[in-house]
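Trainee: Fold the stuff below for me.
(chains A and B)
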Amino acid sequence: AQRVTQPEKLLSVFKGAPVELKCNYSYSGSPELFWYVQYSRQRLQLLLRHISRESIKGFTADLNKGETSFHLKKPFAQEEDSAMYYCGGSNFGNEKLTFGTGTRLTIIP
Amino acid sequence: DTGVSQNPRHKITKRGQNVTFRCDPISEHNRLYWYRQTLGQGPEFLTYFQNEAQLEKSRLLSDRFSAERPKGSFSTLEIQRTEQGDSAMYLCASLKGGLIEETQYFGPGTRLLVL
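Mentor: Residues are numbered from 1 along each chain as shown, chains lettered A, B, ... in the order given. A predicted model of the protein is given here:
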């Protein structure tokens, strides 16, 4: 079965400090991995995907097939990064998403 | 607002009652997905449609649940004989389909509370 694991439910980081949100996956085939973010009182939205290999709002994530990980990183946390972050995966063809349980990131001013 | 919309946003019902939720996807989006999110969990896939065809249903979707997308546009999710365990946020998402690097766009969700 497809599985995405986010080991940290809560993460607090001081403003300006580096951020790393962990994500591990167990997927057959070649999955596509995503990070979704949900800011307070807003809907779930895509932050970034591994295929694009781009940086969004200073965040990056590298797919490590050896460690089956897709950790989200940002070198300098900002207060507006406080949100709920979900790692997710899908297989090409149907794009249904399997999400982790999420990590609530709080940036301490 | 041309995003995905869901109605109602909140629903409180008594155990045993039937409820129906509606999702209006982004115009011209062929694929429509339903997810359920309970407290402390990420969204869990329930079912999805390609136009009006329901292509996959999760084991989470018991026989009390039924989803339709009759004209390939909006979709409804009905829960019959609701149980307290059905209390959750029900999310809808859509994407166009057939393109590379597509994004699922999520609606605001319908929060269901079964008393």
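
Trainee: and chain A, which of its residues are near chain B?
Mentor: Contact residues, chain A versus chain B (CB under 8 Å from any CB of the partner chain): A:4, A:6, A:9, A:43-46, A:49, A:51-52, A:86, A:88, A:94-102. Placement of C-beta: from N, CA and C, glycine included.

Trainee: if you set the cut-off to 10 Å instead, what comes out?
Mentor: Proximity of chain A to chain B (CB under 10 Å from any CB of the partner chain) is limited to residues A:2, A:4, A:6, A:9, A:32, A:34, A:36, A:38, A:41-46, A:49, A:51-52, A:84, A:86-88, A:90, A:92, A:94-102.

Trainee: doesn't residue B:47 make contact with residue B:57?
Mentor: Yes: applying CB atoms under 10 Å as the test, residue B:57 and residue B:47 come out as touching, 4.7 Å apart.

Trainee: Helix, strand or coil: sort out the residue nearest to the spatial centre of chain A for me.
Mentor: Geometric centre of chain A, nearest residue: residue A:35, 3.6 Å, by CA atoms, centre = their mean. Using DSSP: H, G, I helix; E, B strand; the rest coil, the structure places residue A:35 in strand.

Trainee: The residue in chain B positioned nearest to chain A and residue B:69, how far apart?
Mentor: For chain B and chain A, the shortest gap (CB to the nearest CB) falls at residue B:42, measuring 3.2 Å. For residue B:42, the distance to residue B:69 under the criterion CB to CB, to the nearest Å works out to 24 Å.

Trainee: Likewise for residue A:55?
Mentor: 36 Å.

Trainee: Now for chain B, the helix or strand with the poorest mean pLDDT.
Mentor: strand B:53-57 (a mean of 91; mean pLDDT, DSSP states H and E).

Trainee: distance between that strand and the chain's centre?
Mentor: Averaging C-alpha positions (CA atoms, centre = their mean, to the nearest Å) puts strand B:53-57 13 Å from its chain's average.

Trainee: Any chance you could list what contacts the very next helix or strand once past that strand?
Mentor: Remark: after strand B:53-57, the chain's next helix or strand is strand B:65-68, criterion DSSP states H and E. Outside strand B:65-68, the residues that touch it by CB atoms under 10 Å, 6 or more residues apart in numbering or on different chains are B:20-21, B:23, B:32, B:34, B:36, B:46-49, B:52, B:54, B:57-58, B:61, B:74-80, B:86, B:92.

Trainee: How about the residue nearest in space to the middle of chain B: what's its closest non-neighbour residue?
Mentor: Here the mean C-alpha position of chain B is nearest to the C-alpha of residue B:34 (CA atoms, centre = their mean), at a distance of 3.3 Å. Among residues not flanking residue B:34 along the chain, residue B:46 sits closest, at 4.3 Å (CB to CB, 6 or more residues apart in numbering or on different chains).
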